[in-house]
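**Q** only geometry, no sequence info:
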């Protein structure tokens with residue numbers, strides 16, 4: 001470990017010298033060395049081996065931390081590596097599964113299909129005739145990653161007190177986050193669990209294929225999956241048939257983001273196979289992200305507001321999503337977003353980027369430095385990668401149109417009632433959201449009353465011994481509030497189902513009457529609560 005620490009320290013020192021020299025030349029008016037610095041960083045990371053290659057790849061996807069030039073350079077880091085010998089692969093399989101490959105499989109190829117920096121893949125066949133692939137981690141790769149990241153954490157801990165930029169960007173926390181992610185991605189049992197989760201979620205789909213994991217032939221360092229025969233997307237040229245594939249890809253991610261709440265976090269073209277029926281086969285579930293229900297709602301609001309080009313709504317959604325601090329001045333934020341949208345309108349539709357818009361809005365935060373929370377960093381990274389893959393499928397794709405059409409298809413499945421196809425879009429969004437939350441709010445108020453608490457924060461009289469109100473008055477007030485809540489819910493449902501006479505050309509007459517009654521009951525509740 002000492003020799004490895006010295007090696008890492010020397011490489012870090014060389015890069016620090018490279019940076020200092022580039023900065024000095026920049027002050028003297030020569031920017032060439034500074035422009036080459038990202039390339040130099042990539043070479044330094046490659047010299048440190050697989051752990052730092054993976055680390056650089058992960059950093060290259062953090063657009064909240066790096067500018068375009070740095071991200072583009074680090075994205076060129078290659079995971080390709082010389083394969084380890086076939087006899088070593090067989091020994092690793094026997095160590096993990098308890099028997100030799102010759103006994104576990106009908107056939108097992110010693111020649112790998114592919115070799116990366118942390119694992120390689122071998123073809124095999126089961127006794128029942130099924131063709132499979134066997135993913136095998138490199139010898140001691142998890143031990144090496146743990147050692148290297150421990151050294152890196154110590155190095156960052158020593159340097160952070162004396163280098164302000166490390167503290168400002170919270171590099172120590174970032175290193176810990178990347179370390180956890182790397183170790184999680186090299187746990188093949190966890191990857192197998194991820195595969196099973198997605199396979200169940202898309203079991204009925206005729207367009208999404210998730211190769212089945214063979215559980216009895218999988219372990220922490222070895223995973224066996226059924227083999228797919230599609231063509232790798234990164235080997236194909238865009239064509240007319242790719243338009244259908246692009247729609248399937250968008251549908252796949254909308255289902256993950258807004259229905260499943262778990263998403264494949266590495267959708268680059270090498271992980272996608274195009275099947276003969278134009279379906280998509282998805283591989284490599286080592287990296288996944290999650291979104292809780294509140295994050296899903298906020299993300300959906302952000303996407304709809306983006307499609308509608310509504311700066312005020314985008315401001316609200318960005319704050320709720322966590323892209324921008326809640327301390328931000330909303331008017332200033334909305335003006336900044338309006339400027340961002342104005343720049344988008346001046347560019348080609350194919351160049352529009354939801355992910356870049358998220359980062360640009362995040363940079364409007366009053367915080368001095370943008371460092372996204374873990375779940376948002378994973379989301380934005382995935383969005384950037386997915387948009388690049390979408391461009392590979394269909395370079396002329398209209399992002400807004402695809403999002404709108406895919407959202408309508410999602411609604412048609414009956415699994416989401418958060419969007420509508422009529423104006424005003426935001427009103428329908430807020431009403432639908434209220435209708436989903438209303439039963440829970442009503443139940444919470446009734447529960448609080450049954451427990452002896454006040455269902456509403458009523459103002460108390462100055463005399464501490466004075467009662468808030470009689471029991472019968474309190475019960476009546478709660479009943480009135482529940483009736484008002486029911487009126488809101490019923491009116492919200494009518495907004496979606498009633499297509500009779502319209503008020504103001506957008507609101508069904510029955511829904512308008514219902515909202516009027518609900519507002520009247522709300523006013524009664526407020527007036528009576530003040531009298532208690």
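**A** In hand now; what should we look at? Since we're looking at a predicted model, the values are computed, not measured.

**Q** From here on, just use CA atoms for contacts and neighbour counts.
**A** Noted.

**Q** Spit out the contact partners of the closest residue to residue 86 other than its chain neighbours.
**A** Nearest residue to residue 86, sequence neighbours excluded (Cα to Cα, 6 or more residues apart in numbering): residue 110, at 4.3 Å. By Cα atoms under 8 Å, 6 or more residues apart in numbering, the residues touching residue 110 are 85, 86, 87, 89, 90, 122.

**Q** any idea whether residue 234 is helix, strand or coil?
**A** helix (DSSP: H, G, I helix; E, B strand; the rest coil).

**Q** separation between it and residue 103?
**A** 35 Å (Cα to Cα, to the nearest Å).

**Q** so what are the domain limits for this structure?
**A** Structural domains of the chain, as assigned by automatic domain parsing, span the residue ranges 2-79+142-184, 238-421, 425-531.

**Q** picking that back up, so of the contacts of residue 110, which ones are in strands?
**A** Mapping those onto strands (DSSP state E) picks out residue 122.

**Q** Tell me the most packed of the contacts of residue 110, by neighbour count.
**A** Using other Cα atoms under 10 Å as the neighbour test, the contacts of residue 110 are led by residue 89, with 27 neighbours.

**Q** these two touch, right, that one and residue 136?
**A** Yes: assessed by Cα atoms under 8 Å, residue 89 is found in contact with residue 136 at 7.1 Å.

**Q** tell me what the helix or strand hosting residue 303 is packed against?
**A** Following DSSP states H and E, one finds residue 303 within helix 293-308. Packing partners of helix 293-308 (3 or more Cα pairs under 8 Å, 6 or more residues apart in numbering; DSSP states H and E): helix 311-321, helix 399-412.

**Q** So for that helix, what gets flagged as buried?
**A** By 16 or more other Cα atoms under 10 Å, the buried positions in helix 293-308 come out as 295-307.

**Q** can you redo these as TSV with pLDDT and distance to residue 152?
**A** Compiled in TSV, these are given as follows (pLDDT from 0 to 100; distance: Cα to Cα, whole Å):
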residue	pLDDT	distance to residue 152
295	86	32
296	85	34
297	82	37
298	85	35
299	86	34
300	83	38
301	84	39
302	87	37
303	85	38
304	82	41
305	84	41
306	85	39
307	81	42
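
**Q** Looking at those, which is nearest residue 33?
**A** Lowest distance from residue 33 to the buried residues of helix 293-308 (Cα to Cα) belongs to residue 306, with 38.5 Å.

**Q** show me the contacts for the residue positioned nearest the centre of the chain.
**A** By Cα atoms, centre = their mean, the chain has its centre lying nearest to residue 379, at 2.2 Å. Residues near residue 379 by Cα under 8 Å, 6+ apart: 265, 289.

**Q** buried sites along the host helix or strand of it?
**A** Residue 379 belongs to helix 374-393 when assigned by DSSP H and E. Across helix 374-393, burial judged by 16+ other Cα under 10 Å covers 376-393.

**Q** Stretch 10-30 now?
**A** 11, 12, 15, 18, 19, 22, 23.

**Q** All the strands of the stretch 201-350 of the chain, residue numbers only.
**A** 208-209, 222-226, 231-232, 262-264, 272-274, 280-282, 288-290 (DSSP state E, counting those that start in this stretch).

**Q** Tell me which other helices or strands the fifth one touches.
**A** To tie it back to what came earlier, the one meant is strand 272-274. For strand 272-274, the elements it packs on are strand 231-232, strand 280-282, judged by 3+ Cα pairs under 8 Å, 6+ apart.

**Q** returning to what we had before: any chance of the buried residues of stretch 10-30 in JSON lines, plus secondary structure?
**A** Putting the buried residues of stretch 10-30 into JSON lines (three-state DSSP) gives the following:
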{"residue": "11", "secondary structure": "helix"}
{"residue": "12", "secondary structure": "helix"}
{"residue": "15", "secondary structure": "helix"}
{"residue": "18", "secondary structure": "helix"}
{"residue": "19", "secondary structure": "helix"}
{"residue": "22", "secondary structure": "helix"}
{"residue": "23", "secondary structure": "helix"}
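
**Q** separation between residue 396 and residue 518?
**A** Computed as Cα to Cα, the residue 396 to residue 518 distance reads 48 Å.

**Q** Which one's more surrounded, these two?
**A** Between residue 396 and residue 518, residue 518 has the larger neighbour count (other Cα under 10 Å), namely 22 against 15.

**Q** was I right about the more buried one contacting residue 481?
**A** No: in this structure, residue 518 is not within contact of residue 481 by Cα under 8 Å, at 9.4 Å.

**Q** What is the subsequent helix or strand relative to the helix or strand in which residue 10 is found?
**A** Of the helices and strands defined by DSSP H and E, residue 10 is found in helix 2-27. Downstream of helix 2-27, the next assigned helix or strand under DSSP H and E is helix 32-48.

**Q** how about the helices in the stretch 101-250 of the chain?
**A** For the stretch 101-250 of the chain, helices defined by DSSP state H, counting those that start in this stretch occupy the ranges 101-104, 141-159, 164-168, 171-185, 188-201, 242-255.

**Q** residues in contact with residue 299?
**A** So residue 299 contacts 317, 321 (Cα under 8 Å, 6+ apart).

**Q** cool, residue 24 as well?
**A** Residue 24 neighbours (Cα under 8 Å, 6+ apart): none.
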